[in-house]
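>>> what's the 3D shape of this:
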Amino acid sequence: NRSAERVYGWKAKDALGKNANELLYKKIYSQLQEALSQVNLTGQWYGELSQIRKDGKEVIVETRWTLVRDEHENPKSILTVNTDITEKKKLQTQFLRAQRLESLGTLASGIAHDLNNTLAPMLMSAQLLRMRISDERNQQLLETLETNAQRGAAMVRQVLSFARGVEGKRTILQIKHLISEIEQFAKQTFSKSIEFCTDIAPNLWTVSGDATQLHQVLMNLVINARDAMPKGGVLSLCAENFLIDENYARMNLDATVGPHIVITVKDTGIGMPPEVLDRIFEPFFTTKEVGKGSGLGLSTVLGIMKSHNGFISVSSKVGKGTQFKVFLKAVLENQTPLEESLELPTGNGELILVVDDEAEIREITKITLQNYNYKVLTACDGIEAIASYAQNREEIKLVFMDMMMPVMDGLTTIRTLLKMNPYVKIMAASGLADNKQLTQPLGVETFLLKPYTVKQLLQTLDKILN
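Predicted coordinates for the structure are as follows:
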């Protein structure tokens, strides 16, 4: 049926008469064999299966099998009802990861408390012995003992900071002063092969926070960026105002609606593969060699950000570098900046074709554009987009295209639309920054990185159309 066509990317005419197992699985694995024996034995089976779409992408389905019998009660066929739960499983993974971090934090907190009790008498004993012993060689040994005990105590504080989100003294801060301190430190101590550049918005909003802890956040990210560029590169630090709206918050689990400042720490270093990226905020997880890092840096950063009601996003690609974005809630002493930022451009009834395979994003984008005086057509994949454009070519003023779609991806769809009309105006969107490089040679007007705000959407649209 049509739902199956949407889920798997196969058209009914191409699938009919073929063995379903050959279409939906790379190989017949044990769970599938168990399901078949269960349905033959009891007449039904219920569970989750990993299947393959026509384009080779994995889809996870919640499935219910019922054995259908003929008039003589002999098994005739299996009725299968599948529900696509791929996105649900992705969200579930995010929640499980958050829970795993929370459990590790609780465990680390308990260990840290016991370690504190062990380190305190060691430190005091070393200090007392240094006062009593004048022998130079023993003094050196005691100094080593004291230094390492203090180092241990500092690590314990980091663990507690991660676990509890340590509360410090909060004041109204100008982040540009912190960034200036970090810049000065980096230029004095980092290798000359690393180029350090900053870009701070002139009217940057203030935040409420603990200056020492936020200094620790930025210092940690900057040092990690330096370590990722052993042969040199560019380390950039920029800060700007950012108003998170409902549109953006729906696309990002951690985001909350309201004015924020966003600090971006970006390097051109070695980057990280997905399996490392998934674990970087876990305490004691490190890719650095023994003695070079404790694996507590980023977990502490996460704890500090949580205690400041902020959040972090990170993107990285092996060989291309890493980018951390730190979001902190802004403190607006008067509401003028917020009001100014809400003065958004409106359309003149232009027809926009919105193409995205995620129904919620399609719907919120449609409602937003209609609220700002645009007409909207939607399509859930490239094939539907091409059909819609062919029917309404004269009326459609711009195509807003998601790059990552099943059946026919954004890039192929854009190339097809350009063959139909070389002058078609196209605006692209993706959750992956790499897709920007792919769209540039095609003459795509603008590229929006997901998640995006209503302001970014409307201003970009207005710029292209006018």
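>>> distance between the ends of stretch 258-276?
For stretch 258-276, the first-to-last residue distance is 31 Å (C-alpha to C-alpha, to the nearest Å).
>>> just the mean pLDDT for that stretch, thanks.
The average pLDDT within stretch 258-276 is 92.
>>> again with stretch 84-97
Stretch 84-97 carries an average pLDDT of 76.
>>> equivalent analysis for stretch 195-212, please.
Here the average pLDDT along stretch 195-212 is 89.
>>> now it - C-alpha only, PDB.
Output in PDB follows, covering the C-alpha atoms of stretch 195-212 (Å, rounded to 0.1, in the frame of the first residue of the first chain):
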ATOM      1  CA  GLU A 195      46.400  30.900  14.200                       C
ATOM      2  CA  PHE A 196      43.900  32.200  16.800                       C
ATOM      3  CA  CYS A 197      41.100  34.500  15.700                       C
ATOM      4  CA  THR A 198      38.100  36.000  17.500                       C
ATOM      5  CA  ASP A 199      34.900  37.600  16.400                       C
ATOM      6  CA  ILE A 200      32.600  39.100  19.000                       C
ATOM      7  CA  ALA A 201      29.300  40.900  18.200                       C
ATOM      8  CA  PRO A 202      29.500  44.500  19.200                       C
ATOM      9  CA  ASN A 203      26.100  44.500  21.000                       C
ATOM     10  CA  LEU A 204      26.600  41.200  22.800                       C
ATOM     11  CA  TRP A 205      24.000  40.600  25.500                       C
ATOM     12  CA  THR A 206      25.000  39.900  29.100                       C
ATOM     13  CA  VAL A 207      24.600  36.500  30.900                       C
ATOM     14  CA  SER A 208      24.200  35.500  34.600                       C
ATOM     15  CA  GLY A 209      26.900  33.100  35.600                       C
ATOM     16  CA  ASP A 210      29.900  32.200  37.600                       C
ATOM     17  CA  ALA A 211      32.900  33.800  35.900                       C
ATOM     18  CA  THR A 212      35.400  31.100  37.100                       C
END
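>>> buried residues in it?
For stretch 195-212, the neighbour count (16 or more other C-beta atoms under 10 Å) marks 196, 200, 204-207, 209-211 as buried. To be clear about C-beta, it is placed using only N, CA and C from the backbone, and glycine gets the same treatment.
>>> skip ahead from the worst-scoring helix or strand of the chain on mean pLDDT and say which helix or strand is next.
Least confident helix or strand, the chain: helix 336-341 with a mean of 46, by mean pLDDT, DSSP states H and E. Per DSSP states H and E, the first helix or strand lying C-terminal to helix 336-341 is strand 351-355.
>>> so for the residue nearest the centre of the chain, what's the nearest residue that isn't a sequence neighbour?
The centroid of the chain falls nearest to Ser313 when counting by C-alpha atoms, centre = their mean (5.2 Å). Distances taken as C-beta to C-beta, 6 or more residues apart in numbering place Lys325 nearest to Ser313, at 4.7 Å, with adjacent residues excluded.
>>> repeat that for Val7.
Distance criterion C-beta to C-beta, 6+ apart; nearest residue to Val7, sequence neighbours excluded, is Asp84 at 4.9 Å.
>>> from what I can see the one you found touches Lys57, true?
No: when contacts are counted by C-beta atoms under 8 Å, Asp84 is not listed as touching Lys57 (11.6 Å).
>>> for the residue nearest to the centre of the chain, identify the helix or strand it belongs to.
In the assignment (DSSP H and E), Ser313 maps to strand 311-317.
>>> partners of that strand in the sheet?
strand 321-331 (antiparallel) (DSSP bridges).
>>> residues near Lys76, how many?
Lys76 has 12 neighbours, counted by other C-beta atoms under 10 Å.
>>> please name the residues that touch it.
Residues near Lys76 by C-beta atoms under 8 Å, 6 or more residues apart in numbering: 68-70.
>>> how close does it sit to Leu41?
The spacing between Lys76 and Leu41, counted by C-beta to C-beta, to the nearest Å, is 16 Å.
>>> just Thr446 next, same as before
Note on Thr446: its distance to Leu41, by C-beta to C-beta, is 58 Å.
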